[in-house]
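# Here's a sequence, model it:
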Amino acid sequence: MFKEFKEFAVKGNAIDMAVGIIIGAAFGGVVSSLVVDIIMPPVALLTGGVDFSNQFILLKDKNGSGVYSALAEAKKAGAVTLNYGIFINSFINFIIVAFATFFLVKSINKLRKSNEPDIQTQETALATKSCPFCKSEIHIKASRCPNCTSQVSG
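Residues are numbered from 1 along each chain as shown. As a prediction, the model looks like this:
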């Protein structure tokens, strides 16, 4: 069992996955900072100074005052809140990560396609032959050319 685990761990796929997880975690921190520190301040400016991270709906108040100026204050008082502002920030994080991942995968797929030979073209070349009369490509098992209708040897 240890030998099988060792083979799995040193295979390229497992190491690639580990590197991807580490880079993904670091990328998540960068995206969070981008949203909180770069994107949300202009959004707050456009919305009249609204700080989305402090937007919440009070569901249940423990001390009865019912007025909290910040989410941290409500949590400290033990109030039950619906934190939709934090959800908005998280949703924006998700959208940015999804777009970045989409463009990364799209770029990698484009590189793979340009570096790999066209398998379909190779298979087509193996499954065709040239008509001796009109020189068009025909199926390898054809006994008559569909273009010039000449009889071709099998």
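# Quick check, pLDDT for the nearest residue to Ala77 once chain neighbours are set aside.
Distances taken as C-beta to C-beta, 6 or more residues apart in numbering put Asn63 closest to Ala77, at 5.4 Å, once the chain neighbours are dropped. All C-beta atoms are positioned from the backbone trio N, CA, C, and that covers glycine. According to the prediction, Asn63 has pLDDT 72.
# my read is Asn63 is in a helix, agree?
No: Asn63 is assigned coil when assessed by DSSP: H, G, I helix; E, B strand; the rest coil, not a helix.
# Let me know the distance separating it from Gln55.
Look at Asn63 and Gln55: by C-beta to C-beta, to the nearest Å, they are 21 Å apart.
# who's more crowded, those two?
Taking other C-beta atoms under 10 Å, Asn63 and Gln55 do not tie; Gln55 has more neighbours (17 against 9).
# The closest residue to the more buried one other than its chain neighbours is in what secondary structure piece?
Of all residues not flanking Gln55 in the chain, Gly85 sits nearest, at 3.0 Å (C-beta to C-beta, 6+ apart). Using DSSP states H and E, Gly85 maps to helix 84-115.
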